[in-house]
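Asks: fold the following.
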Amino acid sequence: MAALPDGFSYSIDMEKSQQPPHMTDSAKQAALEELRRRYDERLRCLSEESARARLDAFMEQDLKLGGSVLAGEGF
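Replies: Reported below is the predicted structural model:
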């Protein structure tokens with residue numbers, strides 16, 4: 001099975017990003033800022049000079065699913 005290049009991930013942890021409806025506006029704003037920070041951190045690798053070459057190399061590999069679905073952080 002083809003491996004993802006370092007820094008690439010297909011999943012976004014939606015459980016951690018969803019906040020209870022009883023949160024104050026400031027708590028919601030803080031949670032949103034944290035979600036943005038985590039999202040930006042995960043995408044930071046795409047702005048590196050080598051990102052295109054790493055993605056091209058990954059996409060050119062043969063993908064062997066073996067009857068499995070590639071999804072989430074556990075694949």
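Asks: can you tell me the average pLDDT over stretch 36-44?
Replies: The average pLDDT within stretch 36-44 is 91.
Asks: hey, C-alpha coordinates of it in CSV?
Replies: C-alpha atoms of stretch 36-44 as CSV (Å, rounded to 0.1, in the frame of the first residue of the first chain):
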residue,chain,number,x,y,z
ARG,A,36,-8.2,27.4,12.9
ARG,A,37,-4.7,27.0,14.4
ARG,A,38,-4.9,23.2,14.2
TYR,A,39,-6.2,23.3,10.6
ASP,A,40,-3.5,25.8,9.5
GLU,A,41,-0.9,23.6,11.2
ARG,A,42,-2.1,20.5,9.3
LEU,A,43,-2.0,22.4,6.0
ARG,A,44,1.4,24.1,6.6
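Asks: going by neighbour count, list what's buried in that stretch.
Replies: Judged by neighbour count (16 or more other Cβ atoms under 10 Å), stretch 36-44 contains no buried residues. (Glycine included, C-beta is placed from N, CA and C.)
Asks: can you check stretch 22-34 too?
Replies: Here stretch 22-34 shows Ala31 as buried, counting by 16+ other Cβ under 10 Å.
Asks: and Leu46, how far from Arg54?
Replies: With distances taken as Cβ to Cβ, to the nearest Å, Leu46 is found 10 Å from Arg54.
Asks: so these two - more neighbours on which side?
Replies: Arg54 (17 against 12; other Cβ atoms under 10 Å).
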